[in-house]
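Q: Fold the following and give me the result.
(4 chains)
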4 protein chains.
Amino acid sequence: MIYMGCDYQEGAFPQILARYGETNLVQQPGYGEDVWTKRARDLIRAACRAPEAEVHLLVGGTQTNSIVLHGMMRSWEGAICCDTGHINGHEAGAVESKGHKVLVVPGKDGKLSAETVEAYMKDFKADDSWMHCPQPAVVYLSQSTERGTLYTLAELEAIRAVCDRWNLKLFCDGARLAYALEGVGNDVTLADLARLCDVFYIGGTKCGSLLGEAVVAKPGALPCFFTQQKQQGAVTAKGRVVGIPFEVFFENDGALYREAGRTGVRTAQKLQDAFIAKGFRIDAKSPTNQVFVTLPKDVAERVAEKVIYSTWKVNDDGSRFCRFCTCWATTDEQIDAIIALL
Amino acid sequence: MIYMGCDYQEGAFPQILARYGETNLVQQPGYGEDVWTKRARDLIRAACRAPEAEVHLLVGGTQTNSIVLHGMMRSWEGAICCDTGHINGHEAGAVESKGHKVLVVPGKDGKLSAETVEAYMKDFKADDSWMHCPQPAVVYLSQSTERGTLYTLAELEAIRAVCDRWNLKLFCDGARLAYALEGVGNDVTLADLARLCDVFYIGGTKCGSLLGEAVVAKPGALPCFFTQQKQQGAVTAKGRVVGIPFEVFFENDGALYREAGRTGVRTAQKLQDAFIAKGFRIDAKSPTNQVFVTLPKDVAERVAEKVIYSTWKVNDDGSRFCRFCTCWATTDEQIDAIIALL
Amino acid sequence: MIYMGCDYQEGAFPQILARYGETNLVQQPGYGEDVWTKRARDLIRAACRAPEAEVHLLVGGTQTNSIVLHGMMRSWEGAICCDTGHINGHEAGAVESKGHKVLVVPGKDGKLSAETVEAYMKDFKADDSWMHCPQPAVVYLSQSTERGTLYTLAELEAIRAVCDRWNLKLFCDGARLAYALEGVGNDVTLADLARLCDVFYIGGTKCGSLLGEAVVAKPGALPCFFTQQKQQGAVTAKGRVVGIPFEVFFENDGALYREAGRTGVRTAQKLQDAFIAKGFRIDAKSPTNQVFVTLPKDVAERVAEKVIYSTWKVNDDGSRFCRFCTCWATTDEQIDAIIALL
Amino acid sequence: MIYMGCDYQEGAFPQILARYGETNLVQQPGYGEDVWTKRARDLIRAACRAPEAEVHLLVGGTQTNSIVLHGMMRSWEGAICCDTGHINGHEAGAVESKGHKVLVVPGKDGKLSAETVEAYMKDFKADDSWMHCPQPAVVYLSQSTERGTLYTLAELEAIRAVCDRWNLKLFCDGARLAYALEGVGNDVTLADLARLCDVFYIGGTKCGSLLGEAVVAKPGALPCFFTQQKQQGAVTAKGRVVGIPFEVFFENDGALYREAGRTGVRTAQKLQDAFIAKGFRIDAKSPTNQVFVTLPKDVAERVAEKVIYSTWKVNDDGSRFCRFCTCWATTDEQIDAIIALL
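A: Numbers count the residues shown, from 1 in each chain, chains lettered A, B, ... in the order given. Predicted coordinates:
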């Protein structure tokens, strides 16, 4: 069986496991004060051209989204989020569990636009009773998005400008950031994100680590964050477990993190091209590692015998709207095998 | 430098890293549905003689304590805890952050007693205004305790009886359970804990894993727990990262978990014996891997040049109340080197 | 100036103030154990034909909605609510502040339908990842709704059936219940609500009391509710302040509560009839005390000189979508004065 | 039966009920924007010699304590409180329900001292792991205290100095402030509290109103507080219900609020003097409206036939440690009747 259902179905880059092994019995302090985690933080700051940035390592995406948003907001504040945003759906109400409303605005192809945020804020303030409502405080977006799409630099700059106008903060969920950075046509760098966002994170789990997400925050954006992390059960006692992967990712100028992205994108694009060549319906062409396609009933069923993919909707004619998700570990052999089934 | 400050200053048993490596590119579902995690759950159920138990894998101790207690309680309920209990001190208010008061009762050598819980409940209900107070719902204790001590089976049975009398649940924090199970004079087994506790957990992080805690719950004790875990950011997408260590610990009849405990206890006892032989003050002899001793000023300073240990109090005469903490990775060479400094 | 902006711009029925005065220096226990509150509870149980019901008195609507929903749900659960539902908009995220997601479904004229709830639940369970989502646990609706409309008995019965099918609880926000009970064509009684809902409340603040909402719950639906109320700061030490109004409302077979409703509905209908006679646009005719109308620019401005009403939207042609809200205290003189301005 | 169990067993000053009546049908905006509430705010600012202060009206004490503390703290912060402090005991964990740990320090006669707070902070920061703990952010105290005692101005100045040294805020619970202001030997004025505290409140419920507490905050101390209040269900739609009592209390230079205090204190002192004259044990002489005494068994029983008082402890010899609580409504006839029973 070939698994294409998501991007966390293998372990980690062998280089990461090797580093665990090489350092294994070296005694070091816990809680992120070990030498490897410190180096990882420095490497990330360098990669982001943000020498003043604070870097915090957490375990997973839902955890990171909810704790960071909680840290960026006061209790009466909420986060503006696209209808398809991850925090609005499959995070089990994590943001709400910390007391904040997710303020949903309509998206397009998984993306917010500066215009929709602007319109939301205008409507919000036009309501005489706006003080009776949760106060919008943060704009949440994902790069790449839950639909595999990418924000352009111009789009992010425009959203930042809206944020400045309305005194909103900007947070970018980078669970799949490796695939965004290497996405087709991408023009947004780590340095851009560090400059434009108050906080963003560099995904590890979906990009070739066993676990780990690296939060990059402007100074002061996440006050007393260690205590916040600890309070939310998001500090790993053996900080090395999340520090080492990011050291390995970002040493050598970030070569491994780029490789993760390139492999995921290349294999996904190959598959997407095959879907297009076969004439299957693609609503929004993906530049990253998630491919969305509507497969005819017979094809969908034939593929399902050998490949596990995500079915998001079964249409009345039996065709299926599906997601295929590649990753850093996907091989050409796997893609070729799937193509052979089409 | 020798680190004896805590039990998470090395990585993991090489066997665990090896298993990560062997399984690394095998594709499996995420979120704990992989074959290794499933096997780990079965092995734990067998080790606990609890075929019906639910086993949930989380990342770390603070996370586990707060999420499990939240899952065991309704919003108006609180947990009875010894003054030195971990949830009352160094967990950054994690339990309170989920809305519950920690109801503190005085302990002795780090332990609750059935009598103090009984007295607490009697006083509680004797107050005409008890409905104006957080309702005690769970008794929290640690095995081994934060002071390195152990509950005997008789003590646990007595606490359970008090719980039954007052309709309280019992939760045992087993962050250091390996060292408890192999503690000097211990008579409490995994099966006893599974029988007496509504929920307890088997510590991984401090016992030779990179991370991971295995929660063992009576059926129904933690309803809808996957969603709870997810909501609290405590599900690892690549569940294998916490599943594999427990598979390795508990295959072969739990040989590796026992070895972890034995090594930690043996080296700690050797050090404690040396302290006693030197005539240093030991307030409560520890049967486990944490040794508490008052070192004279000159000794404390001499040792500090080569060993990192925890100083809990500096007395007026310059002597120090210290904790030395061994673990699964501590070597005789390290202990001998410390003894040579005394 | 005539205030028609909402239904809390006067004080209370003089009969309620009189009762405060008559009982003022009589010493009684606090926290709802006074004789008047006890009698109020009995009268409400009788009016609801629900001798087993638990009756709890709270202060205001937002407080009641959030505390009751919190009490009906576990921490990982959410409430299904119509897009225009009060808890989704102007309650400042009160439900989320207690940790629960408001699960929004599209409404029509301010109402949920059994069909939309059924469809929501089907879609929810059809998602393979439903365990990654907040679990729907309660259906929230308002009688009368935020758009002044009413559920028919058949509609409520159908929603109850959907709730039963999916194991959902039903909660009805009755902040404006007096106006619903006396609404044009209403066929839903207090007894029907007590039978169909797990919990509902009888609004006091908007219906002629200074403050107070009476929660009616099936036995066991709100466990340990006094402690919950206390924890959430929703117990009035001098319980008489909320008990007495309900005693006055519901003695004499509920004559005063009916009078409140009748006055509000009669005056609103008179105004609505005048709007219709003038040919102003009414999207959905209201059977209760809230009238929604689109006034031409010149009329809107002329009326605004003498009447304070709510403008919900200013259209491009300057016409305004407005709400006029009458209440128990509205007089024919006020209505005639407004009509004279049209 | 004479009720002396607490200070909320009567209604309100007739002057307050009269004002409700006089203003009853005057239409005014809701949510505290009515003319009477605005005037009440101005009168309070004047009485506090704090023209810049923000004044917010809430309903009751537990509500006020928990919402104000939540507003003064970030999520990882806690409040330092005396062991006998109201928020630590009989508020059902309200502060914890909003996520904050109550950090308990030992008190004497119901009071914190500058020294204990200083020692607490020194110990806190001396712990290497202080970042793993909830961060102390506010000092909570009550004037008068739960034991009827009073802080002197010098004591409050000293506590303020400690707060400044450690960057702590100061909050004073004034549920019984009327009785404190008129307490025997009191030297703390409203202006002192407004100057020394970041936030304090002027109790209404226990001091002669049906309900209501008036929060006085330094500018900026409670950001966006209306939304916070609304979110926590603590805004009364008919704001007049809490505004009018404070208008009546504080017009005429606060004559009625002083009268409330004087009556409560005078009657309590008369009773306390009788206890002393009879030779009953008084551990700490109360200068306010709460009298604590140990009554011999026979006296306690004889009194209990005609008077409801609070028994805090039954001693082994049958004697009882009791609280008698007078208030603004207590009469000399009631006190004389009790004295006649001694």
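Q: What is the longest strand belonging to chain A packed up against?
A: Longest among the strand segments of chain A by residue count, using DSSP state E, is strand A:135-142. Contacting strand A:135-142 under the criterion 3 or more CB pairs under 8 Å, 6 or more residues apart in numbering or on different chains; DSSP states H and E are the following elements: helix A:61-72, strand A:77-82, helix A:114-126, helix A:153-166, strand A:169-173. For every residue, glycine as well, the C-beta is placed using N, CA and C.
Q: could you redo these as CSV and give each row mean neighbour count and mean pLDDT?
A: Below are the helices and strands packed on strand A:135-142 laid out as CSV (neighbours: other CB atoms under 10 Å in any protein chain shown; pLDDT from 0 to 100):
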stretch, mean neighbour count, mean pLDDT
helix A:61-72, 26, 98
strand A:77-82, 26, 98
helix A:114-126, 15, 96
helix A:153-166, 17, 98
strand A:169-173, 24, 98
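Q: okay, which residue is most central for chain A?
A: Nearest to the mean C-alpha position of chain A, by CA atoms, centre = their mean, lies residue A:175 at 2.3 Å.
Q: Looking at the helix or strand that contains residue A:16 now, give me its mean pLDDT.
A: Mapping residue A:16 onto the secondary structure by DSSP states H and E places it in helix A:14-23. Taken as a whole, helix A:14-23 has an average pLDDT of 98.
Q: For chain C, what's its nearest residue on the stretch 101-250 of chain A.
A: Of the residues in the stretch 101-250 of chain A, the one nearest chain C is residue A:134, at a distance of 3.6 Å by CB to the nearest CB.
Q: wait, which of the helices and strands packed on strand A:135-142 is closest to residue C:146?
A: Taking CB to CB, helix A:114-126 is the member of those nearest to residue C:146, at 17.2 Å.
Q: Run the angle between that closest one and strand A:77-82 for me.
A: Between the direction of helix A:114-126 and that of strand A:77-82, the angle (axes from the mean of the first three to the mean of the last three CA atoms, to 10 degrees) works out to 140 degrees.
Q: other SSEs contacting helix A:114-126?
A: On a contact count with 3+ CB pairs under 8 Å, 6+ apart, helix A:114-126 meets strand A:102-105, strand A:135-142, helix A:153-166.
Q: cutoff 6 Å now
A: Counting contacts by 3 or more CB pairs under 6 Å, 6 or more residues apart in numbering or on different chains; DSSP states H and E, helix A:114-126 packs against helix A:153-166.
Q: Taking helix A:114-126 as reference, get the angle to the helix it packs on.
A: Going by the same axes, to 10 degrees, helix A:153-166 makes 10 degrees with helix A:114-126.
Q: What segments of chain A are helices?
A: Assigned by DSSP state H, chain A shows helices spanning A:14-23, A:35-47, A:61-72, A:94-97, A:114-126, A:153-166, A:177-181, A:190-196, A:225-231, A:240-250, A:255-277, A:297-304, A:332-341.
Q: What residues of the last one count as buried?
A: By neighbour count on 16 or more other CB atoms under 10 Å in any protein chain shown, the buried set for helix A:332-341 is A:334-335, A:338.
Q: what's the spacing between stretch A:114-122 and its chain's center?
A: 23 Å (CA atoms, centre = their mean, to the nearest Å).
Q: hmm, who's touching it?
A: Identification of contacts with stretch A:114-122 by CB atoms under 6 Å, 6 or more residues apart in numbering or on different chains yields A:105, A:139, A:158-159, A:162, A:166.
Q: Which of these sits closest to residue B:300?
A: residue A:139 (53.5 Å).
Q: how about that closest one, what does it touch?
A: Neighbours of residue A:139 in contact, by CB under 6 Å, 6+ apart: A:80, A:117, A:163, A:168, A:170.
Q: Go again with 8 Å.
A: Neighbouring residues of residue A:139 by CB atoms under 8 Å, 6 or more residues apart in numbering or on different chains: A:79-80, A:112, A:117, A:159, A:162-163, A:168-171.
Q: what does residue A:127 give?
A: Shown in contact with residue A:127 (CB under 8 Å, 6+ apart): residue A:133.
Q: Distance to chain C and pLDDT for the buried residues of helix A:332-341 - can I get that in TSV?
A: Formatted as TSV, the buried residues of helix A:332-341 follow (distance: CB to the nearest CB, whole Å; pLDDT from 0 to 100):
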residue	distance to chain C	pLDDT
A:334	22	98
A:335	23	98
A:338	20	97
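Q: number of nearby residues for the residue of the stretch 101-250 of chain A closest to chain C?
A: The local packing count at residue A:134 equals 28, with neighbours defined by other CB atoms under 10 Å in any protein chain shown.
Q: wait, what's in contact with it?
A: Counted by CB under 8 Å, 6+ apart, residue A:134 has contacts A:76-78, A:100-101, A:103, C:92-93, C:96, D:227, D:231.
Q: mind checking the backbone torsions on it?
A: When read as degrees, to the nearest 10, the backbone of residue A:134 gives phi -60, psi 140.
Q: If we ignore the residues flanking it in sequence, what's nearest the residue of the stretch 101-250 of chain A found nearest chain B?
A: The stretch 101-250 of chain A approaches chain B most closely through residue A:233 (2.7 Å), counting by CB to the nearest CB. Taking CB to CB, 6 or more residues apart in numbering or on different chains, and ignoring the residues beside it in sequence, residue A:233 has residue B:63 as its nearest neighbour in space, at 2.7 Å.
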